[in-house]
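J.: Whatever this is, show me its structure:
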Amino acid sequence: MRIVFMGTPDFAAASLQKLIDEKCEVVGVFTQPDKPRNRGMQLSFSPVKQIALDNNIPVFQPTKLRDGTATELIRSLNPDILVVVAYGRILPDDMLEVAKYGAINVHASLLPKYRGAAPIQWSVLNGDKETGVTTMYLASEMDTGDIIFTEKTPIGEFETSGELFDRLMVMGAELLIKTLTAIENGTASRIQQDNSQASYVTMLDKSISPIDWTKSPREIIKWIYGLNPWPVATMQIGDDTFKVYAAEYTETVTEKAPASIVSAGKKGIEIACGGGRTVLITELQAAGKKRMKAADYLLGHPIVIEE
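T.: Numbering: from 1, shown residues only. As a prediction, the model looks like this:
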């Protein structure tokens with residue numbers, strides 16, 4: 001099959017690389033325009049563009065999709081199918097109809113749950129026991145198309161969003177190959193989504209970083225691991241703000257108010273939370289300092305516990 005691939009970040013790059021490794025015929029790659037990054041604000045390539053260039057695949061970076069130009073460009077490539085993975089833009093209807101087999105997408109959730117952006121992070125933040133990847137046919141509205149295949153996986157209790165991202169990235173690439181094979185063989189499923197079960201999630205930002213210590217221990221633990229590696233959970237100790245990267249459950253029962261420090265020592269910083277329980281902070285980062293074990297931080301910055 002002649003494939004036009006459309007994607008931008010690392011999650012998409014894994015799928016493109018898998019297509020190349022499996023000797024699929026990728027006739028063109030569409031990715032977002034180059035953007036200035038880092039302190040020098042120099043233009044840098046997306047991960048998808050870099051892989052395409054490394055493999056001598058033509059790269060296209062249109063700034064507009066709805067004026068017809070991009071659609072005609074895709075039509076000139078004569079694709080059998082469009083493969084869209086985290087492209088970052090919604091395709092117009094006329095573009096979805098260009099290829100013989102239409103357009104398919106790899107999405108990092110078990111649709112119809114978690115349509116939209118950041119489904120991986122929200123599955124951790126919400127304390128889900130499992131998640132997965134879905135392949136589907138693209139439709140006019142975001143993440144509403146018919147499902148082809150799903151693949152499930154449990155979420156580790158202390159698995160970060162970054163770690164889960166890496167696993168789902170590989171799962172998605174593998175499911176894409178299975179999906180393309182089924183489509184070419186005429187054996188692909190086409191299951192309508194149950195819109196009554198749909199939920200939507202949005203991008204993360206730093207405004208949600210502060211930990212709400214009135215929540216239960218599990219909610220707090222999941223908040224910490226769900227925001228790792230970005231934007232990272234934060235907490236206050238006195239006037240200082242700390243990024244929090246890791247924490248553990250405890251058996252402690254306390255009458256102290258949520259956010260109060262219960263203990264601080266060789267295991268870390270134990271803080272009261274909802275339900276009269278505590279959470280042990282084990283890894284943190286002070287402003288202007290390196291990320292470190294909480295116990296190591298305490299060696300140079302002892303905390304006096306208020307009774």
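
J.: G288: how many residues sit nearby?
T.: Applying other Cβ atoms under 10 Å, we find 5 other residues in the vicinity of G288. Any C-beta I mention is one placed from the backbone N, CA and C, and that applies to glycine too.

J.: For it, give me phi and psi.
T.: phi 80, psi 0 (degrees, to the nearest 10).

J.: What spatial separation is found between it and D240?
T.: For G288, the distance to D240 (Cβ to Cβ, to the nearest Å) stands at 10 Å.

J.: can you point me to the longest strand in this protein?
T.: strand 240-253 (DSSP state E).

J.: Quick check: buried residues in that strand?
T.: By 16 or more other Cβ atoms under 10 Å, the buried positions in strand 240-253 come out as F242, K243, V244, Y245, A246, A247, T250, T252.

J.: I'd assumed M6 was in contact with Y87.
T.: Yes. The criterion here is Cβ atoms under 8 Å, and Y87 meets it with M6 at 4.4 Å.

J.: which one of these two has more residues nearby?
T.: Between Y87 and M6, M6 has the larger neighbour count (other Cβ under 10 Å), namely 30 against 21.

J.: Now do the helix or strand harbouring that one: everything it contacts.
T.: Assigned by DSSP states H and E, M6 belongs to strand 2-7. With contact meaning Cβ atoms under 8 Å, 6 or more residues apart in numbering, strand 2-7 is reached by 13, 15-16, 19, 24-31, 48, 52, 74, 77-87, 91, 99, 180.

J.: what's the next secondary structure element after that strand?
T.: Next element after strand 2-7 (DSSP H and E): helix 10-21.

J.: now that following helix against strand 2-7, angle please.
T.: 160 degrees (axes from the mean of the first three to the mean of the last three Cα atoms, to 10 degrees).

J.: any weak-confidence spans in this protein?
T.: Applying pLDDT under 70 to the chain picks out residues 38-41, 307.

J.: switch to 50 and redo it
T.: The model of the chain has no residue with pLDDT under 50.

J.: host element of the residue nearest the centre of it?
T.: Nearest residue to the geometric centre of the chain (Cα atoms, centre = their mean): I120, 4.2 Å. Here I120 sits within helix 119-125, counting by DSSP H and E.

J.: would you put the C-alpha positions of that helix in CSV?
T.: Output of helix 119-125 as CSV, limited to C-alpha atoms (Å, rounded to 0.1, in the frame of the first residue of the first chain):
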residue,chain,number,x,y,z
PRO,A,119,-5.0,11.0,27.2
ILE,A,120,-1.9,9.2,28.6
GLN,A,121,-1.4,11.7,31.4
TRP,A,122,-5.0,11.9,32.3
SER,A,123,-5.3,8.1,32.6
VAL,A,124,-2.6,8.3,35.3
LEU,A,125,-3.9,11.4,36.9
